[in-house]
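Engineer: Let me see the structure of the following:
(chains A and B)
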Amino acid sequence: MANAKVYGVIALKGGVGKTTLVVNLGSSLARDFQKKVLLIDANFSTPHLGLHLGLVNPKHNLHQVLNNEYPAYEAIYQHPLGFHILPGSLVPLPGDPLVLKEKIDPLRQIYDVILIDSSPSLNDEMYATMMASDELLVVSSPDYPTLSSTLHAVTVARKKNAPIRGIILNKVRKKKFELTAREISKAANIEVLASLPDDVKVLAALAEMTPVVEHTPNHEVSQLYKKLAASLIDETYRPPRMFKRARQSLSKIGKMLSKPEAGEPHEIA
Amino acid sequence: MITDPQKYFYVCDGKVLKDLVDMLAALREIDDETFAHHVNSEKNDFYNWTRDVLKDAPLAKKLSMTIDRAEMIAAVESREKVVSKNHKKKAVISQIQEAIASG
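Structural biologist: Numbering: from 1, shown residues only, chains lettered A, B, ... in the order given. As a prediction, the model looks like this:
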């Protein structure tokens, strides 16, 4: 029986790449490492996880779960890439975010990894993610405003006794004027787990509502996401050889064409 | 900045150098005779001080490759800009840290 590790992905600033990180880690963990993965959209005020994955306006969603309309497992969708999604309502509904932990804890038995996409606001929505997570991944980018937000988030997490796994430095352009991973790590006193480039391929993938690790799997940014995914489960990522890639693609097509079985999660239309 | 007087660079015209900014100013201002006293075919005191006291390896490497005054000034100017930016960064980060800690 699986006993999921729950990672909360936080940042006290919008646009740094929380949802993109969640989507790509989830996809890589499911596809490259055959893990049972659930992505949860706990950004209750502005839930956009579904929009990254072709799930535009989910009929079943986490907001309804918070409101006791049905249990969490009934609001889960199966993505063609193999992972599951517990989306938010595109039009946010009222609900108490602080019951998130209570609602999702039973799902730990089903999954290997659960990734929670948090709100960028310092309120009960973010506290809910902190409380529900085993470890936090703090997303930052190499500029002063984001560093300030990062240090703030780290301070809050420490006050809440929420363990921090590390910082993910995103949207790095390798310019001299940027803050370096070392400077950010030193300022926060937390390890930087990965430095991900500011890559237009990520936007191209988003336009197709596909994780970049699938959209452009051999690109630098995709390889870095995969390495990071591996490190979260204490594994090492080795780029597959050409024939293995072809086999995976065939397998992917097969999965996408297979019919759903009774009692399985909802399919994305 | 060097704080130990024993490690200051004492230029033979009386100037005392404590950091890169001082060195840059000296390289620009000293007369040719003074420059030749410190930099010639047998030695380069600015290189030695950069390597041994400032322990600035990137700049020391550049200074090791020339005894031309203009080239040395260009190398120090370039490095001083980088160091200055790094100092500014540290100062801003420190201010942010203090503000968040006090909040």
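Engineer: What's the local residue count around residue 65?
Structural biologist: Picking chain A for this. Counted with other CB atoms under 10 Å in any protein chain shown, residues neighbouring A:Val65 total 24. In short, each C-beta sits where N, CA and C put it, glycine included.
Engineer: Can you look at chain B instead?
Structural biologist: Using other CB under 10 Å, B:Met65 has 11 other residues around it.
Engineer: Next one: it from B:Tyr47, what distance?
Structural biologist: Here B:Met65 is placed at a distance of 9 Å from B:Tyr47 (CB to CB, to the nearest Å).
Engineer: Kindly report the same for B:Val11.
Structural biologist: B:Val11 sits 14 Å away from B:Tyr47, going by CB to CB.
Engineer: So which elements touch the one helix or strand in chain B whose mean pLDDT sits lowest?
Structural biologist: Counting by mean pLDDT, DSSP states H and E, chain B has its least confident helix or strand at helix B:69-102, which shows a mean of 92. Secondary-structure packing of helix B:69-102 (3 or more CB pairs under 8 Å, 6 or more residues apart in numbering or on different chains; DSSP states H and E): helix A:144-159, helix A:181-188, helix B:20-29, helix B:57-63.
Engineer: Of those helices, flag the one that's most buried.
Structural biologist: Stretch with highest mean neighbour count among the helices and strands packed on helix B:69-102: helix A:144-159 (a mean of 19; mean count of other CB atoms under 10 Å in any protein chain shown).
Engineer: angle of that one against helix A:181-188?
Structural biologist: Helix A:144-159 and helix A:181-188 meet at an angle of 40 degrees, taking axes from the mean of the first three to the mean of the last three CA atoms, to 10 degrees as the criterion.
Engineer: Counting by contacts, list what helix A:144-159 packs against.
Structural biologist: Applying 3+ CB pairs under 8 Å, 6+ apart, we find helix A:144-159 packed against helix A:124-132, strand A:135-140, strand A:164-172, helix A:181-188, helix B:69-102.
Engineer: just to revisit the earlier point, please state the offset of the least confident helix or strand of chain B from the chain centre?
Structural biologist: Mean-position distance between helix B:69-102 and its chain equals 13 Å (CA atoms, centre = their mean, to the nearest Å).
Engineer: cool, stretch A:131-146 as well?
Structural biologist: Put simply, stretch A:131-146 sits 12 Å off its chain's centre (CA atoms, centre = their mean).
Engineer: could I get the helix or strand containing A:Lys226 in PDB with only the CA atoms?
Structural biologist: Following DSSP states H and E, one finds A:Lys226 within helix A:220-232. Extracted in PDB, the C-alpha atoms of helix A:220-232 (Å, rounded to 0.1, in the frame of the first residue of the first chain):
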ATOM      1  CA  GLU A 220      17.300  21.600 -21.200                       C
ATOM      2  CA  VAL A 221      14.500  22.800 -19.000                       C
ATOM      3  CA  SER A 222      12.700  19.500 -19.300                       C
ATOM      4  CA  GLN A 223      15.800  17.500 -18.400                       C
ATOM      5  CA  LEU A 224      16.200  19.800 -15.300                       C
ATOM      6  CA  TYR A 225      12.600  19.200 -14.300                       C
ATOM      7  CA  LYS A 226      13.200  15.400 -14.600                       C
ATOM      8  CA  LYS A 227      16.300  15.500 -12.500                       C
ATOM      9  CA  LEU A 228      14.500  17.500  -9.900                       C
ATOM     10  CA  ALA A 229      11.700  15.000  -9.900                       C
ATOM     11  CA  ALA A 230      14.100  12.200  -9.400                       C
ATOM     12  CA  SER A 231      15.800  13.900  -6.500                       C
ATOM     13  CA  LEU A 232      12.400  14.200  -4.700                       C
END
